[in-house]
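Peer 1: Prediction below, plus the sequence it came from.
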Amino acid sequence: MGIIELNQLSKFYGKAKGIENVTLEVNEGEIFGFIGPNGAGKSTTIRTMMGLIFPTSGSAKIFDMDCSKEGPKIRQEVGYLPSEVFYYDKMKVLDLLKYTAGFYQKDCDARMYELAEIMELDLKKRIEDLSYGNKKKVGIVQGLLHSPKLIVLDEPTSGLDPLMQKKFFDIILEENKKGATVFFSSHILSEVQALCNRVAIIKDGVIIKVDDIKSMREDNYKKITLRGLQIDQEKYKLEGVTHIINGEDSFKFFYKGDINQITKQIGNDNLLDVLIEEPTLEEIFMHYYK
């Protein structure tokens, strides 16, 4: 079942393109990564999907409901953490969270206190007295206190120290095990690689790749490093060879294709060493961006 369905979704600000023809589907129960550098269109996609801004064209559905027309109903079952959080400075954390809980048709108190304890959040402090990282903790508790069916995270870990990041990831994995679907937007590729089942790469407002993490790392590309003093690099100008890096005594490249063909070619060279490995998600990401 598609929890999120985006079809040819576009948003223009006058003549400036935010996103164009974004099409993707997020299935129930998966942790879906949405990656791209700052300015690629991640937040615009999410804000349009959340019904906070209206699309220029195309459609966005969550739980098979139109995001523009049925936003209030959809948001009853969605936990959303934006990339930047802003609150009423004079309010105490507890008052703010109780105010938020009042929008949901369920008792959120137990989960609110549980999350605050896990994230080491002082509920008695005023918002204006919190550091940026602690304000991010408020956003995390606020987004999860109603045990949503869909969790939408836009650059969620900025401002959190490594210990809090680990606790946050543990919470997300726990929610996912309970059945929550997660849409996780980030430019930190190690986070996406650790958490997500599938990933979409966005560039200049356009989706350029949607695939599962394992396929992107294992099935499509191999990173090959050859070491030797007299490597005939001309022999490796083959179809499927890309991302070439020349070193003093090494020759590195990505290869996509029949592994038997490239190993046969390698076997004809007098080499000191050969290394064939899976590229990291970051290397694959940079490959697509180049």
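Peer 2: Looks like it arrived, so ask away.

Peer 1: From now on I want contacts and neighbour counts done on CA atoms only, so please keep to that.
Peer 2: Will do.

Peer 1: could you pull out the helices for the stretch 1-150 of the chain?
Peer 2: 42-49, 71-75, 93-101, 109-118, 132-144 (DSSP state H, counting those that start in this stretch).

Peer 1: among the ones you listed, which is nearest Gly29?
Peer 2: helix 132-144 (16.0 Å; Cα to Cα).

Peer 1: what's the worst-scoring helix or strand of the chain on mean pLDDT packed up against?
Peer 2: Across the helices and strands of the chain, mean confidence by mean pLDDT, DSSP states H and E is lowest for helix 281-289: a mean of 72. With contacts defined as 3 or more Cα pairs under 8 Å, 6 or more residues apart in numbering; DSSP states H and E, helix 281-289 has these neighbours: helix 189-195.

Peer 1: neighbouring contacts of the helix it packs on?
Peer 2: Identification of contacts with helix 189-195 by Cα atoms under 8 Å, 6 or more residues apart in numbering yields 31, 33, 35, 169, 173, 184, 186, 199, 213, 281-282.

Peer 1: Just the mean pLDDT for the helix or strand just after it, thanks.
Peer 2: Per DSSP states H and E, the first helix or strand lying C-terminal to helix 189-195 is strand 198-203. The pLDDT scores in strand 198-203 average 92.

Peer 1: going forward can the numbers begin at 191, since that is how I track them
Peer 2: Got it, first residue is 191 now, which makes that one strand 388-393.

Peer 1: tell me the SS of Phe441?
Peer 2: strand (DSSP: H, G, I helix; E, B strand; the rest coil).

Peer 1: pretty sure it is touching Thr415, no?
Peer 2: Yes - with contacts counted by Cα atoms under 8 Å, Phe441 reaches Thr415, the gap being 5.8 Å.

Peer 1: could I get the helices of the stretch 191-340 of the chain as JSON lines with mean pLDDT?
Peer 2: As requested, the helices of the stretch 191-340 of the chain are exported to JSON lines (pLDDT from 0 to 100):
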{"stretch": "helix 232-239", "mean pLDDT": "94"}
{"stretch": "helix 261-265", "mean pLDDT": "91"}
{"stretch": "helix 283-291", "mean pLDDT": "94"}
{"stretch": "helix 299-308", "mean pLDDT": "96"}
{"stretch": "helix 322-334", "mean pLDDT": "94"}
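
Peer 1: Including distance to Val464 and mean neighbour count, could the ones you listed go into JSON lines?
Peer 2: Below are those laid out as JSON lines (distance: least, Cα to Cα, whole Å; neighbours: other Cα atoms under 10 Å):
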{"stretch": "helix 232-239", "distance to Val464": "39", "mean neighbour count": "22"}
{"stretch": "helix 261-265", "distance to Val464": "53", "mean neighbour count": "16"}
{"stretch": "helix 283-291", "distance to Val464": "57", "mean neighbour count": "18"}
{"stretch": "helix 299-308", "distance to Val464": "47", "mean neighbour count": "16"}
{"stretch": "helix 322-334", "distance to Val464": "45", "mean neighbour count": "22"}
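
Peer 1: Tabulate the ones you listed (JSON lines), appending distance to Leu428.
Peer 2: What follows is the helices of the stretch 191-340 of the chain, written out as JSON lines (distance: least, Cα to Cα, whole Å):
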{"stretch": "helix 232-239", "distance to Leu428": "35"}
{"stretch": "helix 261-265", "distance to Leu428": "51"}
{"stretch": "helix 283-291", "distance to Leu428": "59"}
{"stretch": "helix 299-308", "distance to Leu428": "53"}
{"stretch": "helix 322-334", "distance to Leu428": "49"}
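
Peer 1: Those: which one's closest to Ile466?
Peer 2: Of these, nearest to Ile466 by Cα to Cα is helix 232-239, at 33.2 Å.

Peer 1: which secondary structure elements does the closest one contact?
Peer 2: For helix 232-239, the packing partners by 3+ Cα pairs under 8 Å, 6+ apart come out as strand 192-203, strand 206-217, strand 247-252, strand 340-344.

Peer 1: Centre of the chain to stretch 437-445, how far?
Peer 2: Mean C-alpha position of stretch 437-445 versus that of the full chain (Cα atoms, centre = their mean, to the nearest Å) differs by 30 Å.
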